[in-house]
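Asker: generate a structure from the sequence data that follows.
(2 chains, ligands or ions: 2)
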Amino acid sequence: MARIRIEDLSKDYITANKTLVHAVKHADLTVENGEVVVIIGPSGSGKSTLLRSVNKLENPSDGKIFIDEDEVTNPHVDLRKIREEVGMVFQSFNLFPHLTVMENITLAPVKVRKISQKKAAENAMNLLKLVGLEEKADVHPPQLSGGQQQRVAIARALAMEPKVMLFDEPTSALDPEMIKEVLDVMLKLAKSGMTMLLVTHEMGFAKAAASKVVFMDDGRIVEVGTPDEVFSHPKSDRTKQFLEHIL
Amino acid sequence: MEKQPFDNETAKIQKIRDQVVSVDLTAQKKRALTIQMTDGVLIPRKDDGHVLNSWRITFFSAIILLASLVMFKPQPYRDIFMVTIKGTPVTFQATIFAILGALVIGTATGLGSVSKRRWVNMLSGVYVELIRGIPLLVQLIFIYYAMGRFFRIQGMAAAVVALSICFGAYMGEIVRAGIQAIPKGQMEAAIALGLSRSQAFRYVILPQTVKVILPAIGNEFISMLKDSSLVSAIALSDILRKGREYISRTFLSLETMLVVALIYLIITLLLSRLVGLLEERLHKNG
Ligand SMILES: Nc1ncnc2c1ncn2[C@@H]1O[C@H](COP(=O)(O)OP(=O)(O)OP(=O)(O)O)[C@@H](O)[C@H]1O
Ligand SMILES: [Mg+2]
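Answerer: Ligands and ions are numbered 1, 2, ... in the order given. Have a look, this model is predicted:
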């Protein structure tokens, strides 16, 4: 069974001036266990909306989403249980500035998973080693560089031992020289077999790690294929145009 | 579908609105580091030379005036001063207790106004509207009498309750603004980790809010210190009451009120400078 299954998903927004925006239109997508799926597409094409529907940060208008056998879109589902299983990394890091790096990472395991502070701190230390920041445990996030903050954010999400990791443009807010350190961590994660669904325009990463690339335009999934298929032999004209535009 | 940049902008604003967290269109604009409330005293800060200078002039003039009155015209000013100053502890006591009460009510109201439960929302809203629409003096006297009639509470306790209820509404607005000043990504990150909304408020949002609203609370404290004089007429032996008692004995109304005014002024100015220093400290610590 697929790890993430998105079936006929649609999301409409009503804007401030009461017009309807169809942000996502009838999208179908599956992510198998251990797959890395990269979503690309122009601004406003609905990538974030699709991604954020998976842990219900957005409330879809229609369609279904499953994570393993749990239906995320079922109104009676315990969303907290699902969110525990789904890690999320944001473009703007969203670390908690009033807490130290260590506290950022241990907060959810201690308060939600109810594991002991000591055990949580041990795990956190291991994760900080994984992302190469073990000496920053007692620092507050605003004192870190963007790249370091994003690596902490990844560690924070991993601390809940999620089945799935979502990334929404994790490197777009970073200075160019810091992008690689974050992508390296993400590559490591991909190699370790983590199931990942991400929005990114880092083609290098997509080529190296993606099992599938998804091209979205105007709310629709236009094309799905291996990185080679989508980047080198795109079927649709829209995909071609888009790739010419960004490469 | 081609969208104009403007549409995109409104869509973005809408996006902010529709988030799990924020309910206020202007939340994004208010993302300042500190919340400034417009009523109340001016807060002198180092970076605001104009206000700081006026502060210096007023503060030192007040001190010098009071000191010279007491020293060079001890008859009757020394007398008046010695009597009225005895009201200071009561003024402070009432203010400190009432500000604590207002903080409790204000936190509840602030949380209520960002709550997703309609009726909780409504309740906070009605409370705030009600309080803000009635003159402070009228409310204070009303609550004061109501406390006496229904709970047999009088004096200091009743005054504190009355002040807490009245200032709780303003405090609630401060807390709400403070919560909305926290970027929405904070709540999103917290619930994405599996925290409940109340856990997110407790561990993530409110600790950051406190820092943001501390200067505004300082302002409220000063306002309350002044406005506590309103209940004195009926309840407290504070600075103003002492003065009025003195007047009723000696009929030196203008002289006494001059001293009373100067004492309030000096305390208020002193405190406002303290709040200014506090703000400077907060800014330095990021
Ligand atoms: N809360 C919202 N209210 C109204 N419209 C929204 C909202 N969120 C998104 N939209 C609109 O839905 C469409 C899809 O937005 P989305 O953020 O998913 O696009 P995206 O592909 O992630 O774009 P970007 O590359 O700029 O991040 C856009 O037209 C956007 O303006
Ligand atoms: Mg996006």
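
Asker: residue B:90 - how many residues pack around it?
Answerer: By the measure other C-beta atoms under 10 Å in any protein chain shown, the count of residues near residue B:90 is 20. For glycine as for every other residue, the C-beta is placed from the backbone atoms N, C-alpha and C.

Asker: show me what contacts residue 104?
Answerer: No chain specified, so I'll use chain A. Counting by C-beta atoms under 8 Å, 6 or more residues apart in numbering or on different chains, residue A:104 touches A:95-96, A:141, A:152, A:156.

Asker: that's the wrong chain, I meant chain B
Answerer: Residue B:104 is in contact with B:164, B:168, counting by C-beta under 8 Å, 6+ apart.

Asker: am I right that it is in a helix?
Answerer: Yes - membership of residue B:104 in a helix is supported by DSSP: H, G, I helix; E, B strand; the rest coil.

Asker: which pLDDT does the model give the closest residue to residue A:115 other than its chain neighbours?
Answerer: Once flanking residues are discounted, residue A:115 sits nearest to residue A:109: 5.3 Å by C-beta to C-beta, 6 or more residues apart in numbering or on different chains. pLDDT for residue A:109: 97.

Asker: please tell me I have it right and residue B:136 contacts residue B:165.
Answerer: No - in this structure, residue B:136 sits apart from residue B:165 without contact. The criterion is C-beta atoms under 8 Å, and the distance is 11.0 Å.

Asker: and residue A:26, that's in a strand?
Answerer: Yes - with three-state DSSP as the criterion, residue A:26 is part of a strand.

Asker: could you look up the SS state of the nearest residue to it once chain neighbours are set aside?
Answerer: In this structure, residue A:26 finds its nearest non-sequential neighbour in residue A:8, 5.4 Å apart by C-beta to C-beta, 6+ apart. Three states are possible here, and by three-state DSSP the one that applies to residue A:8 is strand.

Asker: residue B:183: how many residues sit nearby?
Answerer: The burial count assigned to residue B:183 is 18, neighbours taken as other C-beta under 10 Å.

Asker: list the buried residues in the lengthiest helix in chain A.
Answerer: Scanning chain A for the helix with the most residues, using DSSP state H, yields helix A:176-191. By neighbour count, and taking 16 or more other C-beta atoms under 10 Å in any protein chain shown as the criterion, the buried residues in helix A:176-191 are A:178-183, A:185-187, A:189-190.

Asker: before we move on, the earlier item: hmm, the residue nearest to residue A:115 is touching residue A:160, no?
Answerer: Yes - taking contacts as C-beta under 8 Å, residue A:109 lies within contact range of residue A:160: 6.3 Å.

Asker: more neighbours: the two, which one.
Answerer: Taking residue A:109 and residue A:160 together and counting by other C-beta under 10 Å, residue A:109 has the greater number of neighbours (24 against 21).

Asker: where do the helices sit along the chain?
Answerer: All of this refers to chain A. A:47-54, A:79-85, A:101-111, A:117-130, A:146-158, A:176-191, A:203-209, A:227-232, A:237-246.

Asker: hm, I was asking about chain B
Answerer: When assigned using DSSP H, the helices of chain B occupy the ranges B:5-18, B:49-72, B:74-84, B:88-113, B:118-133, B:136-146, B:155-181, B:184-192, B:197-200, B:206-232, B:239-250, B:253-284.

Asker: and of those, who's closest to ligand 1?
Answerer: When the helices of chain B are compared by C-beta to the nearest ligand atom, helix B:5-18 sits nearest ligand 1, at 3.0 Å.

Asker: pLDDT on that closest one, on average?
Answerer: 40.

Asker: show me what contacts the residue nearest to residue A:26?
Answerer: Contacts for residue A:8 were tallied using C-beta under 8 Å, 6+ apart; they are A:26-28, A:62-64.

Asker: and for residue A:136?
Answerer: A:101, A:128, A:144, A:148, A:152.

Asker: swap in residue A:170?
Answerer: Under the criterion of C-beta under 8 Å, 6+ apart, the contact partners of residue A:170 comprise A:89-91, A:150, A:154, A:182, A:186, A:198, A:200.

Asker: can you check residue A:245 too?
Answerer: Applying C-beta under 8 Å, 6+ apart, we find residue A:245 in contact with residue A:42.

Asker: go on, residue A:231?
Answerer: Under the criterion of C-beta under 8 Å, 6+ apart, the contact list for residue A:231 reads A:203, A:206-207, A:213, A:243.

Asker: could I get those residues as JSON lines with pLDDT and neighbour count?
Answerer: Shown next, in JSON lines, are the contacts of residue A:231 (pLDDT from 0 to 100; neighbours: other C-beta atoms under 10 Å in any protein chain shown):
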{"residue": "A:203", "pLDDT": "91", "neighbour count": "17"}
{"residue": "A:206", "pLDDT": "94", "neighbour count": "21"}
{"residue": "A:207", "pLDDT": "93", "neighbour count": "15"}
{"residue": "A:213", "pLDDT": "97", "neighbour count": "24"}
{"residue": "A:243", "pLDDT": "92", "neighbour count": "16"}
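
Asker: rewinding a little: need the helices of chain A in TSV (columns: distance to ligand 1).
Answerer: Supplementary listing: these in TSV, determined by distance: least, C-beta to the nearest ligand atom, whole Å:
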stretch	distance to ligand 1
helix A:47-54	3
helix A:79-85	19
helix A:101-111	25
helix A:117-130	27
helix A:146-158	17
helix A:176-191	17
helix A:203-209	15
helix A:227-232	16
helix A:237-246	11
